[in-house]
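1. compute the structure for the input listed below.
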Amino acid sequence: MHEVGAAWLMTTLTSDPLLIAAIQLATSLPIFIFALPAGALADIIDRRRYLLTVQAMMLITTTLLATCALLGILSPWMLLAFTFVLGCGAAFNAPAWQAITPELVPAEQLGNAIALNSLGINISRAIGPALGGLLIAIYEPSLVFVLNAISFVGILFVLYRWQRTTNTDTLPAEHFFASIRTGIRYARQTDEIKLVAIRAIAFFLFASVIWALLPLIASTQLNLDAAGFGLLMATIGIGAVIGAILLPHLTRRINNNHMVSSATALIASCAIGLSFTSSFSVALIIMSIVGIAWITTLSLLNVAIQKSTPNWVRARILSIYLVCFFGSMATGSALWGGIAKYSDIETALFTAGIAQIIALILTHRFRIPTNDYPNLTPSGHWPEPLVDKIPEHNQGPVLITIEYVVTPSNRKAFTLFINKLGEIRRRNGAYLWHVFHNTDNPTKIIEIFMVESWLEHLRQHQRTTQDEQALQQQIETITTNMERKISHYLPFQ
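-> Numbers count the residues shown, from 1 in each chain. Now for the predicted structure:
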């Protein structure tokens, strides 16, 4: 309802296509700017208290917006400012909100839980815009803003009642900036996350044209009022609900990559189709297809990110994904709004659709994970480090060495396994990792890696997973020294 109210109010305050598209920009840009710090905060402090604070801030903002609207003092720039602040609230809310999903359901139900969450959102997207458009037509957008403010009270109540189970961590929380660096490092060292990010950028940059220009399409191209615009938005929601219901059945029969590619092609076709039509009934059909394609892509990319990320860094990785998502949406909104201003709406839609097809062809080889997700359940299989005297947490850097004996016949397999292990070491905290062989006896191999401090190495012990344990067991089967020699070194003083 709020999206309809803000977008439609802007069309009554100005006819500038760039300012109208800037509503989408003001919604998306804050998430691009603040999502990564928000993800770091959500990983290092209690998520329930964090969400309560953010939702309270959004309640205050929506109350002020509703008050200004009721007093009739809103200008285009004031509306953009309030939308930007609400976007900031969404930026700080989104990583933590998505990261709590795996805390609420077993791992095997995560995909269905994400789809169910999307279904709830899109039922709201189906009902809200239609109801919002009707209320705007009968009364004015200020009523929508009042109802939106009231809705935050319900969210705060649910979060207050949630009894979150927290894991007792004997180690101190990560520092804020170090936490951000850790999240970026983990994403940079994880192929699955990079592939999802590439596909997300290629999709949302061009699909954003429909969201950015939909108020103009409704008011200018289709000559609709607020109720008609709300119905267009509702049709997207109805399509998304249909897509969310069909998705579990389709993913059992069709590869996820093929699903994302098909949905991308559908969105491109819809943008091109909208550029040629002035029929409201045709636009409704196109909007329903947009909803199906949108929810399919959004759900599959979200599942891929969630299942490729352990809990200790989940909010930060989700924030990086959201940066790609909303950064692409914000960039696209500005780009397509500018093209619409200096040419026309039809040219912007057609150009975005063709560009989306080209992007699909160029990124088709970047395949997102399907069912071969890593087992990221904590294993705790690393033994406690042997020390003469327990080091201080801030002592470092720490050098860890591990010695292996590998016969020539096993060297190829060992190389494959140890390189995979090196990727895990780096993403879990190692800033340096190498493998060396002995010049006198090439069967003797030593692995070394370094971390910033003793505390960071203790965190590495906590970050071990079942997948890493299985990999190390494979390495053990092709090395001959039964007693692995592991040594820890601190700077000599």
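
2. quick check: what element follows the helix-or-strand element of the chain with minimal mean pLDDT along the chain?
-> In the chain, no helix or strand scores lower on mean pLDDT, DSSP states H and E than helix 110-138, which sits at a mean of 74. Note on helix 110-138: by DSSP states H and E, the next helix or strand toward the C-terminus is helix 141-161.

3. got the angle for that next one vs helix 110-138?
-> Inter-element angle recorded for helix 141-161 and helix 110-138: 150 degrees (by axes from the mean of the first three to the mean of the last three CA atoms, to 10 degrees).

4. what mean pLDDT does helix 141-161 get?
-> Mean pLDDT, helix 141-161: 89.

5. which of the residues in that helix are buried?
-> Across helix 141-161, burial judged by 16 or more other CB atoms under 10 Å covers 141-149, 151-152, 155-156, 159. Every C-beta, even on glycine, is put in place using the N, C-alpha and C of the backbone.

6. so Pro102 sits against Pro310, correct?
-> No - between Pro102 and Pro310 there is no contact under CB atoms under 8 Å: 9.7 Å.

7. what are the buried residues along stretch 59-73?
-> Those would be 59, 61-63, 65-66, 68-69, for stretch 59-73 by 16+ other CB under 10 Å.

8. which element is the residue lying closest to Thr83 once chain neighbours are set aside on?
-> What sits nearest to Thr83 in space, not counting adjacent residues and going by CB to CB, 6 or more residues apart in numbering, is Ala26, at 4.2 Å. Element membership for Ala26 (DSSP H and E) is helix 17-44.

9. what do you get for Phe492?
-> Counting by DSSP H and E, Phe492 is part of no helix or strand.

10. the chain should start at 47 in everything you say after this.
-> Right, with 47 as the first residue, what we last looked at is Phe538.

11. state the distance from it to Val444.
-> To Val444, Phe538 is 13 Å away according to CB to CB, to the nearest Å.

12. for Cys114, same thing?
-> Plainly put, Cys114 is 55 Å away from Val444 if you go by CB to CB.

13. ok, which stretches of the stretch 247-396 of the chain are helices?
-> Residue ranges of the helices in the stretch 247-396 of the chain, as given by DSSP state H, counting those that start in this stretch, are 272-297, 302-320, 326-353, 360-388, 391-409.

14. those helices: lowest mean pLDDT?
-> The minimum mean pLDDT among the helices of the stretch 247-396 of the chain belongs to helix 272-297 (a mean of 82).

15. list the buried residues for that one?
-> So, applying 16+ other CB under 10 Å, buried residues of helix 272-297: 272-290, 293, 297.

16. which residues touch the nearest residue to Ile226 once chain neighbours are set aside?
-> Nearest non-adjacent residue to Ile226, counting by CB to CB, 6+ apart: Ala86, 4.7 Å away. With contact set as CB atoms under 8 Å, 6 or more residues apart in numbering, Ala86 has these partners: 220, 222, 225-226, 229, 361-362, 365.

17. which member of those residues is positioned nearest Ile313?
-> Nearest to Ile313 among these is Ser365, at 24.4 Å by CB to CB.

18. leaving out sequence neighbours, find the closest residue to the closest one.
-> Nearest in space to Ser365, with sequence neighbours left out and distances taken as CB to CB, 6+ apart, is Gly85 at 2.6 Å.

19. the one you found: how many residues sit nearby?
-> Neighbours of Gly85 under the rule other CB atoms under 10 Å: 31.

20. quick one: it from Ser254, how far?
-> Per CB to CB, Gly85 is found 22 Å from Ser254.

21. same question for Leu126.
-> 17 Å.

22. neighbour count winner among these two?
-> Ser254 (27 against 20).

23. how near is that one to Gly378?
-> As judged by CB to CB, Ser254 and Gly378 stand 3 Å apart.

24. Val242 now?
-> 18 Å.

25. who are the contact partners of the residue nearest to Ser365?
-> Listed by CB under 8 Å, 6+ apart, the contact partners of Gly85 are 141-142, 145, 229, 361-366, 368.

26. tell me who's in contact with Leu241.
-> By CB under 8 Å, 6+ apart, the neighbours of Leu241 are 412-415.

27. ok, back up a step: helix or strand right after the helix holding Ala72?
-> helix 93-117.

28. let me see the mean pLDDT of that next one.
-> For helix 93-117, the mean pLDDT works out to 91.

29. how far away from the center of its chain is it?
-> 23 Å (CA atoms, centre = their mean, to the nearest Å).

30. mind giving me the packing neighbours of the helix or strand just after that helix?
-> Moving toward the C-terminus from helix 93-117, the next helix or strand (DSSP H and E) is helix 122-145. Counting contacts by 3 or more CB pairs under 8 Å, 6 or more residues apart in numbering; DSSP states H and E, helix 122-145 packs against helix 48-59, helix 63-90, helix 93-117, helix 360-388.

31. and this protein, what are its domains?
-> 48-209+221-409, 444-535 (automatic domain parsing).

32. and for Leu65, the neighbour number?
-> Count around Leu65 with other CB under 10 Å applied: 19.

33. not counting residues beside it along the chain, what's closest to it?
-> Here the nearest residue to Leu65 in space, its sequence neighbours aside, is Pro122; by CB to CB, 6+ apart that works out to 5.5 Å.

34. likewise for Ala67?
-> Leaving out its chain neighbours, the residue that sits closest to Ala67 by CB to CB, 6+ apart is Gly383, at 2.7 Å.

35. surely that neighbour and Asp62 touch.
-> No - contact between Gly383 and Asp62 fails when scored by CB under 8 Å: they sit 9.1 Å apart.

36. those two: who's more crowded?
-> It is Gly383, of Gly383 and Asp62, that has more neighbours when counted by other CB under 10 Å, with 27 against 14.
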